[in-house]
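Q: what follows is a protein structure lacking sequence information:
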Ligand SMILES: Nc1nc2c(ncn2[C@@H]2O[C@H](COP(=O)(O)OP(=O)(O)OP(=O)(O)O)[C@@H](O)[C@H]2O)c(=O)[nH]1
Ligand SMILES: [Mg+2]
């Protein structure tokens, strides 16, 4: 499986933007086989902490990686399915260990592509510490997501890796006339109702983080949840 590296930096660079990742600066990562990646230079390898962004096309996976990293590393599109290959931004923790934020192609474009992408998801899930499964606040059809969940997260060891990111909260009704990072009181009430609905639909997924890649709202909570799960991952010690 190939992941196209769009940016390589140091963990300090990410921490300046998302302080929650500071707890990983002193992490020691066991060189377990499932963590092994051959670097794209072909000569070196690493054992990485892997965060993967999955979900339906157009729900904002690439936008979330860009917003967390503060880089325009991933192409996004207003109108058409956009990401076609696994791609990442990578931050060196120490020699031989990276934290990788990997952005994957989205589901729901066609049955043929879904079969291809689900196979890719399964491969990368075996190497993932955390899965940010992206949902959209201004949408109410979760049938594709329910099917994907049944196929991908069918055991407790996979389910405990998953965070549901409820993206696009700036678009939840009632829309604000004035641009604002903070949702209005009425929007916050609807976001809470939406989260309750998702808890009912996905009872085995307790971690739901509402956020907006467009405004940056609550991305610090998303980083905290990702960093917390990474710190509990097997083979990670301090
Ligand atoms: N208003 C709003 N728009 C968003 C948000 N996140 C993403 N978008 C927009 O949604 C569209 C799709 O975003 P992408 O990041 O390309 O979505 P994706 O999930 O990577 O899509 P694929 O690569 O096709 O799987 C773009 O026009 C983004 O600008 C958000 O939080 N709020
Ligand atoms: Mg994308």
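A: Arrived safely. Predicted model, so just to flag it, every value in this text is computed and none were measured. Ligands and ions are numbered 1, 2, ... in the order given.
Q: count of neighbours near residue 134?
A: If you count neighbours by other CB atoms under 10 Å, residue 134 ends up with 27. For glycine as for every other residue, the C-beta is placed from the backbone atoms N, C-alpha and C.
Q: how near is the residue of the chain positioned farthest from its centre to residue 184?
A: Computed with CA atoms, centre = their mean, the residue of the chain farthest from its C-alpha average is residue 177, at 29.3 Å. Distance check for residue 177 against residue 184: by CB to CB, to the nearest Å, it reads 10 Å.
Q: just to revisit the earlier point, and the gap between the residue farthest from the centre of the chain and ligand 1?
A: Residue 177 sits 15 Å away from ligand 1, going by CB to the nearest ligand atom, to the nearest Å.
Q: in which helix or strand would I find that residue?
A: Residue 177 belongs to no helix or strand when elements are defined using DSSP states H and E.
Q: check whether the nearest residue to residue 66 once chain neighbours are set aside sits in a helix, strand or coil.
A: Distances taken as CB to CB, 6 or more residues apart in numbering put residue 74 closest to residue 66, at 5.4 Å, once the chain neighbours are dropped. What DSSP: H, G, I helix; E, B strand; the rest coil gives for residue 74 is coil.
Q: quick one: residues contacting residue 74.
A: Contacts for residue 74 were tallied using CB atoms under 8 Å, 6 or more residues apart in numbering; they are 6, 62, 63, 65, 66, 83, 87, 89, 103.
Q: can you spell out which helices and strands pack onto the helix or strand harbouring residue 13?
A: Using DSSP H and E, residue 13 maps to helix 11-17. The contact analysis (3 or more CB pairs under 8 Å, 6 or more residues apart in numbering; DSSP states H and E) places helix 11-17 against helix 61-69, strand 87-94.
Q: number of nearby residues for the residue in the chain that ligand 1 sits nearest to?
A: In the chain, the residue that lies nearest ligand 1 is residue 106 (2.3 Å; CB to the nearest ligand atom). When neighbours are defined as other CB under 10 Å, residue 106 has 25 of them.
Q: that one and residue 60 touch, don't they?
A: No. The pair residue 106 / residue 60 is not scored as a contact, 9.5 Å apart, by CB atoms under 8 Å.
Q: how many neighbouring residues does residue 204 have?
A: The number of residues packed near residue 204 is 12, by other CB under 10 Å.
Q: near the residue nearest to it when sequence neighbours are not counted, how many other residues are there?
A: Excluding the flanking residues, the one nearest residue 204 by CB to CB, 6+ apart is residue 159, at 5.0 Å. Applying other CB under 10 Å, we find 17 residues neighbouring residue 159.
Q: again with residue 232
A: Residues near residue 232, counting by other CB under 10 Å: 11.
Q: now the one 3 residues further on
A: Using other CB under 10 Å, residue 235 is surrounded by 15 other residues.
Q: run a quick neighbour tally on the nearest residue to residue 13 once chain neighbours are set aside.
A: Nearest residue to residue 13, sequence neighbours excluded (CB to CB, 6+ apart): residue 91, at 6.5 Å. Neighbour count of residue 91, defined by other CB under 10 Å: 24.
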